[in-house]
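[1] next come a sequence and a model predicted from it.
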Amino acid sequence: MSDVVNDTKIPNNVDLSSDKKLQRALEAWQPNFINWWLEMGPEGFQQDQVWLRTAISVDSDGWAHFDYVKMPDYRWGIFLADKVPDRKIHFGDNIGQPVWNEVPGEHRNTLRRLIVTQGDTEPASVEQQRLLGQTCPSLYDLRNLFQVNVEEGRHLWAMVYLLHSYFGRDGREEAEALLQRRSGDPDKPRILGAFNAPCENWLSFFMFTYFTDRDGKYQLLALAESGFDPLSRTTRFMLTEEAHHMFVGESGVQRIIERTAQLMKQAGMSEDVRKLGGIDLPTIQKYLNLWYTLSLDLFGGEVSSNAASFFAAGLKGRAFEEKNYTEHTALNQSYTLDKYEAGKLSREEIALRNAMNEVLRDNYVEDSQRGLDKWNRVLEKEGIDFRFKLPSRRFHRHIGMWADVPVTPAGEIISREEFEKRKSEWLPTAEDEAYVKSLMTTPVYEKGKMANWIAPPARGIKGQPVDYEYVRHNV
Ligand code: BYC
Ligand code: FE
Ligand code: FE
C-alpha cells in the first residue's frame, strides 16, 4: 500500500491512476493550485533553487528526499499512512464498529466542514508568510521558511484529496473555494481568527511556527483518531512533517534569546539591547503573548456542543485517545472549569463531551510550556533573571467565554479602562512592531552569515553545514 506511484502528474500512494475520474478532477485542480502558489506563495523566490525535503513515501525511514528544487516544481504529493487492518472505531457512540472507508450520509456535512476548516489553515499560513523571505536573517532560515511553506501546500493537497474523493461536486466546489479565500481579506477571509492575523516579521514567524503550528499538531492528533479512516490516515502522515515546523519555531525563538543574552552582556547586563540592535526580552514576551493567545482561540469555545457531536459520532477524538485513555465513551463523566458570565466568576461542572475543546486545549497548554522551559534555561545559564511565562488562558481571547473580557496575563479580571491603559505592557505595540521590522529591512543572503539579532543554529539541516547554500538566490 505504501508503494509510491510517480508516473502521474501527482505523486501518490493511493493508486490514483486506477480512478480516472478522480485523477482528472485533481489534475484539473492542480493548475489552479499552481496559480494560487505563484500569486500567494513566497514572493521573489519562485525561480530560486531551494534545498528542500520532499515527501516521497510513508516509510518511517526514508520517507523524505532532500535536493534542490524550484518551488513551483515541488512535487506536492498525496500520501496516506498505511491502513491498519481491521481498524475499529474506538471512541464515542459507535465503538467497535468497523471504521468508515466512505462518508456516512448522516455525517457528511460535519465531516466536510471539519476537513474544509483544517484545509483552510494550510494555504492561509502560506499567505501570511508570503513576504518574509525578503527580510530573512540567513539562507538557513530562508530555506526553513520555504520548507514550511511547501509542506503547508502539501497539507492543502491532503485535504483537497479527501474533498475530491469523498464529497463529489460539493467537495470539488470546496476545493476551489480553498484557493479563493485570502488571509486577512475582509471580503473573503480565511475561516479561523489566527489565520487572518498579520505575520510580518521573523519574531512573529517563529512564534507562529512554535504556537500556531502546535495547534495544528493537536488538531491533527484529534483527527488522526477519526473513525473516517481516510482522514485518520492522511492526518497521521501530516504529523510527520509537522515536527519540523515546530522545531523551526522553537529553535528560532531560542536563537533570538541567545543573541539577546549576548548583547545584554555587552551592554553591561542591561535589559535595553535595542541600542545594540537586539530584541529585548520584554518584547519577545509580548510576541509570545500574542501568538499563544491567538492560537488558544483555535481550539474553539470551552463549552461546545459541536465538539460533543464530533466525539459522539467518532469523527474527532482526543489526542492519543487510544493510548492515553481507558474509557472511550466519555459519558457520565464531567469536567470542571471556571465559568465567567455576566461579570460573575464561578466553578462549573459540565458533561465531559461538551468539554472536548478544553481537554485538547489542556494538552496544548502543557506541551507549549516545554519550549519556554528550554528558553528559560538559556537565560538561567547566562545568569539573567528574566523568565518567560505563558499568560493565563483567559488573557486576550476572542473566542469562548473569555472573549473580550479584560484580563491581565496573570488571569486577573480588571476594568476595561485599566486593560486599555496597560495593554502596551502585554501585547506588541505599533512601536514594537516598527522596531522589530526595522531590524529586518535588509535580507541576509550570504552563506553562513546571520543577521545581528539572531544567533546561528547549532547545526545545519540533514547533516549539511550551517554555511551551506540552502537557497541559490540570484540577486
Ligand atoms: N476563529 O463550537 P465552537 C493548522 C467558530 S491549525 C473563528 O466552540 P467548534 C496549521 C466555530 O467554527 C489546525 N471562528 O467550535 C497551523 C463555530 O462556528 P459555527 C486547524 C471560530 O466547532 C499552522 C463557532 O465558532 N485545524 O493545521 O467546537 C500552519 C462556535 O465554536 C474559531 C482545525 O481547526 C476561531 N478561532 O471547534 C498551518 C481542525 N473557533 O458552527 C496549519 C478542524 C471556533 O457557529 N476544526 N470558531 O458556524 C475543528 O475541529 C473545529 O472546527 C474547531 C472549532 C476546533 C476550529
Ligand atoms: Fe499544516
Ligand atoms: Fe505546519
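    Received it, and whenever you're ready, just let me know what you need. Ligands and ions are numbered 1, 2, ... in the order given.
[2] in stretch 279-295, what's buried?
    Neighbour-count burial for stretch 279-295 flags 279-281, 283-295 (criterion: 16 or more other Cβ atoms under 10 Å). Quick note: C-beta positions are derived from backbone N, CA and C, even for glycine.
[3] ditto for stretch 51-63
    Going by neighbour count (16+ other Cβ under 10 Å), the buried part of stretch 51-63 is 51-58, 63.
[4] from the buried residues of stretch 279-295, which land in strands?
    Of the buried residues of stretch 279-295, none are assigned to strands by DSSP state E.
[5] related to what we said a few turns ago, residue 83: which of the buried residues of stretch 51-63 is nearest?
    Residue 83 lies nearest to residue 58 out of those, by Cβ to Cβ, at 11.0 Å.
[6] I figured residue 333 hits residue 352, correct?
    Yes - counting by Cβ atoms under 8 Å, residue 333 does reach residue 352; the two are 4.1 Å apart.
[7] who has more neighbours out of those two?
    Each of residue 333 and residue 352 has its neighbours counted (other Cβ atoms under 10 Å); residue 352 has more, 20 against 11.
[8] confidence score at the residue nearest the centre of the chain?
    In the chain, the C-alpha nearest the mean C-alpha coordinate belongs to residue 213, at 1.9 Å (Cα atoms, centre = their mean). The model reports residue 213 with a pLDDT of 98.
[9] quick revisit: ok, which pair from the buried residues of stretch 279-295 is furthest apart?
    The most widely separated members of the buried residues of stretch 279-295 are 280 and 295, with 23.0 Å between them, by Cβ to Cβ.
[10] picking up where we left off before, which of the buried residues of stretch 51-63 sit farthest apart?
    By the measure Cβ to Cβ, 51 and 58 form the most distant pair in these, at 22.4 Å.
[11] show me where the protein has helices.
    20-40, 108-128, 139-166, 168-180, 202-207, 213-224, 229-266, 281-296, 305-313, 321-324, 356-381, 416-426, 430-438 (DSSP state H).
[12] which residues touch the first one?
    Outside helix 20-40, the residues that touch it by Cβ atoms under 8 Å, 6 or more residues apart in numbering are 8-10, 16-17, 46, 71-72, 76, 78, 123, 126-127, 130, 153, 156-157, 160-161, 164-165, 172, 175-176, 179, 182.
[13] got a quick PyMOL command for the buried subset of these?
    Listed next is the PyMOL selection for buried residues among the contacts of helix 20-40, using 16+ other Cβ under 10 Å:
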select buried, resi 10+16+71+76+78+123+126+127+130+153+156+157+160+161+164+165+172+175+179+182
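[14] nearest to ligand 2: which residue in the stretch 1-150 of the chain?
    Of all residues in the stretch 1-150 of the chain, the one sitting closest to ligand 2 is residue 122 (4.9 Å; Cβ to the ion).
[15] that residue: how many residues sit nearby?
    Neighbourhood size, residue 122 [other Cβ under 10 Å]: 24.
[16] just to revisit the earlier point, compile the buried residues of stretch 51-63 into a markdown table and extend it with columns for pLDDT and distance to residue 310.
    Shown next, in a markdown table, are the buried residues of stretch 51-63 (pLDDT from 0 to 100; distance: Cβ to Cβ, whole Å):
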| residue | pLDDT | distance to residue 310 |
| --- | --- | --- |
| 51 | 98 | 40 |
| 52 | 98 | 35 |
| 53 | 97 | 32 |
| 54 | 95 | 33 |
| 55 | 92 | 28 |
| 56 | 90 | 33 |
| 57 | 89 | 31 |
| 58 | 91 | 26 |
| 63 | 92 | 29 |
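[17] ok, of those, which one's closest to residue 316?
    Nearest to residue 316 among the buried residues of stretch 51-63: residue 58, at 22.1 Å, using Cβ to Cβ.
[18] wait, the closest one sits on residue 78?
    No - using Cβ under 8 Å, residue 58 is not in contact with residue 78; the gap is 10.8 Å.
[19] which residues do these two both contact?
    With Cβ under 8 Å, 6+ apart, residue 58 and residue 78 have common neighbours residue 13.
[20] distance check, the closest residue to residue 140 other than its chain neighbours against ligand 2.
    Closest residue to residue 140 apart from its sequence neighbours, by Cβ to Cβ, 6 or more residues apart in numbering: residue 470 at 5.5 Å. For residue 470, the distance to ligand 2 equals 21 Å [Cβ to the ion, to the nearest Å].
[21] gap between the helix or strand of the chain with the lowest mean pLDDT and the chain center?
    When each helix and strand of the chain is scored by mean pLDDT, DSSP states H and E, helix 321-324 comes last, with a mean of 94. For helix 321-324, the distance from its own C-alpha centre to the chain's C-alpha centre is 22 Å (Cα atoms, centre = their mean, to the nearest Å).
[22] buried residues, that helix. List them.
    Across helix 321-324, burial judged by 16+ other Cβ under 10 Å covers residue 321.
[23] then that helix to PDB, C-alphas only?
    What follows is helix 321-324, C-alpha atoms only, in PDB (Å, rounded to 0.1, in the frame of the first residue of the first chain):
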ATOM      1  CA  GLU A 321      -7.400   8.700  22.500                       C
ATOM      2  CA  GLU A 322      -6.400   5.000  22.200                       C
ATOM      3  CA  LYS A 323      -3.100   5.300  24.000                       C
ATOM      4  CA  ASN A 324      -3.800   7.700  26.800                       C
END
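[24] and that helix, what does it pack onto?
    Packing partners of helix 321-324 (3 or more Cβ pairs under 8 Å, 6 or more residues apart in numbering; DSSP states H and E): none among the helices and strands.
[25] can you tell me what sits against it?
    With Cβ under 8 Å, 6+ apart as the test, helix 321-324 has contacts from 90-91, 225, 318, 328.
[26] reformat those as JSON lines; add pLDDT, neighbour count and distance to residue 207.
    Shown next, in JSON lines, are the contacts of helix 321-324 (pLDDT from 0 to 100; neighbours: other Cβ atoms under 10 Å; distance: Cβ to Cβ, whole Å):
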{"residue": "90", "pLDDT": "98", "neighbour count": "18", "distance to residue 207": "35"}
{"residue": "91", "pLDDT": "98", "neighbour count": "24", "distance to residue 207": "33"}
{"residue": "225", "pLDDT": "98", "neighbour count": "26", "distance to residue 207": "28"}
{"residue": "318", "pLDDT": "98", "neighbour count": "22", "distance to residue 207": "26"}
{"residue": "328", "pLDDT": "98", "neighbour count": "18", "distance to residue 207": "35"}
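[27] tell me the one of those residues nearest residue 474?
    residue 225 (46.3 Å).
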